[in-house]
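A.B. asks: just the structure for this:
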Amino acid sequence: MNIFMIFNIFFVVVSTLFGIVIGSFLNVVIYRIPEGRTIVKGHSMCMSCGHELGALDLVPVFSWLFLGGKCRYCKAPVSSRYIKIESFTGLVFLLYAVTHLKYQLDILDLYKIPGLVVFCYYCITLLVLASLVSAMMIYYDKQRSYYGYSVFTGCAAVVLSALTLAVEKPSSVAAYLLIAVSVSLIGCGITALFSRILRKKYTAADFWLDIPFAFFYAYYGRLSSNYDYAIIAMILLLILPRSILKDTKFDKYSAIVSMCGIVLFNVIGFILNRLSDNLFCSALVF
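C.D. replies: Numbers count the residues shown, from 1 in each chain. Down below sits the predicted model:
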């Protein structure tokens, strides 16, 4: 095992553990935001007996497993959805790490400006993915959406654009951001159009749910310099499923389908890039 493989394994493991920890926090976000409660204050407690949970009760994944899915204090069953959300978020982060192993070499050079930029790119992208998981579960529970997710995704894109000033021409940043906004709005417009064709309503709540997902495709398609693939993926993995499932008994699953589409978008894009690189190398050989 060479040093690069060790770095790769470390990069993936740390990203996955970070995702599990973030997933634990998302459980709080998903529960409190629909109730209008703050997510920065207050202690977690058992939903059955109201006992305040200690540090050993809040270890992501492991606490639920070691306690047998029950409260330490009242022995009431604890929903498995907590560990599912933590595990799913960890899986999302794991797959993103695996498909972006090239980042770890740049991140190792944190004393250089490009290394810092790549590190910030990576961390902010993970936080955007986490916010999409949160939006997905709130829609599943309540069939509600919040404009805050769109604001957060938009602010993340602005920060990422500002970071590119360190490595790209300043004149390109505003143009790329404008294109990303335009493409995401067009994506939401097409979803609304498809919904109307299928004789279904498209409300403001639908727009605020779709815009952060569409913006992910648009902006991160720009980062990979592959808008064609991003737009096709957005149509197939976001627009069509959301339009078809709208106003059906499966509507609450549409956000989950959208999130799974984001995961597929990254995995398939990674596979296509590897195949194109292999074909290019083969062409050079011959």
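A.B. asks: can you list contacts of stretch 138-152?
C.D. replies: 30, 33-34, 128, 131-132, 134-135, 205-206, 208-209, 211-212, 215, 251-256 (Cβ atoms under 8 Å, 6 or more residues apart in numbering). C-beta here means a position set from N, CA and C on the backbone, and glycine is covered the same way.
A.B. asks: one more pass at 6 Å, please.
C.D. replies: Residues outside stretch 138-152 that contact it (Cβ atoms under 6 Å, 6 or more residues apart in numbering): 30, 34, 131, 135, 205, 208-209, 211-212, 252, 255.
A.B. asks: any of those residues buried? List them.
C.D. replies: The neighbour count (16 or more other Cβ atoms under 10 Å) marks 30, 131, 135, 205, 208-209, 211-212, 255 as buried among those.
A.B. asks: of those, which pair is most distant in space?
C.D. replies: Ile30 and Ile211 (19.1 Å; Cβ to Cβ).
A.B. asks: next SSE after the lowest-mean-pLDDT helix or strand in the chain?
C.D. replies: Least confident helix or strand, the chain: helix 102-107 with a mean of 68, by mean pLDDT, DSSP states H and E. Downstream of helix 102-107, the first helix or strand assigned by DSSP states H and E is helix 113-142.
A.B. asks: which parts of that next one are buried?
C.D. replies: By neighbour count on 16+ other Cβ under 10 Å, the buried set for helix 113-142 is 115-122, 124-126, 128-140.
A.B. asks: what about that helix, distance to the chain center?
C.D. replies: Mean-position distance between helix 113-142 and its chain equals 5 Å (Cα atoms, centre = their mean, to the nearest Å).
A.B. asks: dump whatever helix or strand comes next after that helix to PDB, restricted to CA.
C.D. replies: Counting by DSSP H and E, the next helix or strand C-terminal to helix 113-142 is helix 147-163. Only the C-alpha atoms of helix 147-163 are listed here, as PDB (Å, rounded to 0.1, in the frame of the first residue of the first chain):
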ATOM      1  CA  TYR A 147     -36.900  29.500   1.100                       C
ATOM      2  CA  GLY A 148     -34.000  29.400   3.500                       C
ATOM      3  CA  TYR A 149     -32.500  26.400   1.700                       C
ATOM      4  CA  SER A 150     -32.500  28.300  -1.600                       C
ATOM      5  CA  VAL A 151     -30.900  31.300   0.100                       C
ATOM      6  CA  PHE A 152     -28.200  29.000   1.700                       C
ATOM      7  CA  THR A 153     -27.500  27.300  -1.600                       C
ATOM      8  CA  GLY A 154     -27.300  30.700  -3.400                       C
ATOM      9  CA  CYS A 155     -25.000  32.100  -0.800                       C
ATOM     10  CA  ALA A 156     -22.800  29.000  -1.000                       C
ATOM     11  CA  ALA A 157     -22.500  29.600  -4.800                       C
ATOM     12  CA  VAL A 158     -21.600  33.200  -4.300                       C
ATOM     13  CA  VAL A 159     -18.800  32.200  -1.800                       C
ATOM     14  CA  LEU A 160     -17.600  29.600  -4.300                       C
ATOM     15  CA  SER A 161     -17.600  32.200  -7.000                       C
ATOM     16  CA  ALA A 162     -15.600  34.600  -4.900                       C
ATOM     17  CA  LEU A 163     -13.100  31.900  -4.100                       C
END
